[in-house]
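1. Sequence first, then the predicted structure:
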Amino acid sequence: MTAAAQGEIVRHLRRHRSAPLLAFVAGLALGACSPAASDPSPTAPPSPSSAPATLPGTSPAMTEAPSPTAGASATPAAAVLEQPWATAELTDVRTGEAFSIAELAAAGKTVFVETMAIWCTNCRAQQTDAMTALGRLDRSKVAWVGIDVEASESATALAAYSEQHGFDFQYAVASVDLSRALVAEFGEVVLSPPATPIVVISPSGKVTLTEFGAKSVDRIVALAAEHAT
């Protein structure tokens, strides 16, 4: 509606003295000519803290607990010896108890096997040093076994020998089969007591024929440390 038309309507109403109607029409006319009302504010976006909608058939994401590290605090495997000389049943001449080299190693011990004879002075000197060395070591983790490879010597004589010299090792007399098994793996020199051969078996099953000649106290302690695992 133009401004002229609005004015004409107002003048007409004044002539007829219709104030209420005049006010109504005037307001209507003025409202029609006023700027258009602002659009309502758009819907505010959801707050960042609002939880996301969950799709049908799904569940909200869950935090997974970390899985434990595999293999933690793993215990080393025990030695498994299958050689005939290791699995052969021996009899301790001091106690009468049966044992084997394989069992001692499987128990987690470092095992020293000395092939010896009662008459061998080199053997006796080495065993004297071995007693001193084992006094410096943890006896629960180390075993010394004397294997008498002299066919003419008996279990009774060997027991008396250990008592006479105060040697508290495990002693056993080698059978023919045990002697053959030792030779098959280590050679003929293993049956020569004066050479003071020593075989060391670690708890993991590693087998080592040491250098020949009597080993000192320090050397025995060092061998125990070298073969502790």
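-> Perfect, I can see it now.
2. can we go C-alpha only for contacts and neighbour counts from here?
-> Fine.
3. burial count for residue 95?
-> For residue 95, the neighbour count with other C-alpha atoms under 10 Å is 10.
4. Give me the secondary structure label for it.
-> Secondary structure for residue 95, judged by DSSP: H, G, I helix; E, B strand; the rest coil, is coil.
5. Now do the strands for the protein: every range, in order, please.
-> Ranges of strands in the chain, per DSSP state E, are 90-91, 98-99, 110-116, 142-148, 170-173, 198-201, 207-209.
6. Mean pLDDT, mean neighbour count and distance to residue 158 added to the ones you listed, as TSV?
-> Listed next are the strands of the chain as TSV, based on pLDDT from 0 to 100; neighbours: other C-alpha atoms under 10 Å; distance: least, C-alpha to C-alpha, whole Å:
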stretch	mean pLDDT	mean neighbour count	distance to residue 158
strand 90-91	98	20	12
strand 98-99	97	14	16
strand 110-116	97	26	10
strand 142-148	98	22	8
strand 170-173	98	24	7
strand 198-201	96	23	18
strand 207-209	95	14	24
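7. what does stretch 128-137 rub up against?
-> Here stretch 128-137 makes contact (C-alpha atoms under 8 Å, 6 or more residues apart in numbering) with 142, 167, 215, 216, 217, 218, 220, 221.
8. Which of these fall within helices?
-> 217, 218, 220, 221 (DSSP state H).
9. What are the boundaries of the helices in the chain?
-> 3-15, 19-33, 84-87, 101-106, 121-135, 155-165, 176-186, 217-226.
10. For residue 207, give the beta-bridge partners.
-> With DSSP bridges as the criterion, residue 207 is bridged to residue 201.
11. How about the contacts made by it?
-> 199, 200, 201.
12. Could you report the distance from residue 226 to residue 220?
-> 10 Å (C-alpha to C-alpha, to the nearest Å).
13. Pick out whichever of the two has more residues nearby.
-> A direct count of neighbours by other C-alpha under 10 Å for residue 226 and residue 220 places residue 220 higher, at 20 against 12.
14. that older thread, compare the mean pLDDT across the helices of the chain and name the weakest.
-> Sorting the helices of the chain by mean pLDDT places helix 19-33 lowest, at a mean of 44.
15. Number of residues surrounding residue 185?
-> Counted with other C-alpha under 10 Å, residue 185 comes out at 13.
16. so residue 179 makes contact with residue 147?
-> No - here residue 179 lies out of contact with residue 147, judged by C-alpha atoms under 8 Å, at a distance of 9.5 Å.
17. before we move on, the earlier item: can you tell me which of the contacts of stretch 128-137 is nearest residue 114?
-> residue 215 (11.2 Å; C-alpha to C-alpha).
18. about what we covered before: just send the strands of the chain back as JSON lines, with distance to residue 126 too.
-> Formatted as JSON lines, those follow (distance: least, C-alpha to C-alpha, whole Å):
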{"stretch": "strand 90-91", "distance to residue 126": "22"}
{"stretch": "strand 98-99", "distance to residue 126": "23"}
{"stretch": "strand 110-116", "distance to residue 126": "9"}
{"stretch": "strand 142-148", "distance to residue 126": "11"}
{"stretch": "strand 170-173", "distance to residue 126": "15"}
{"stretch": "strand 198-201", "distance to residue 126": "10"}
{"stretch": "strand 207-209", "distance to residue 126": "16"}
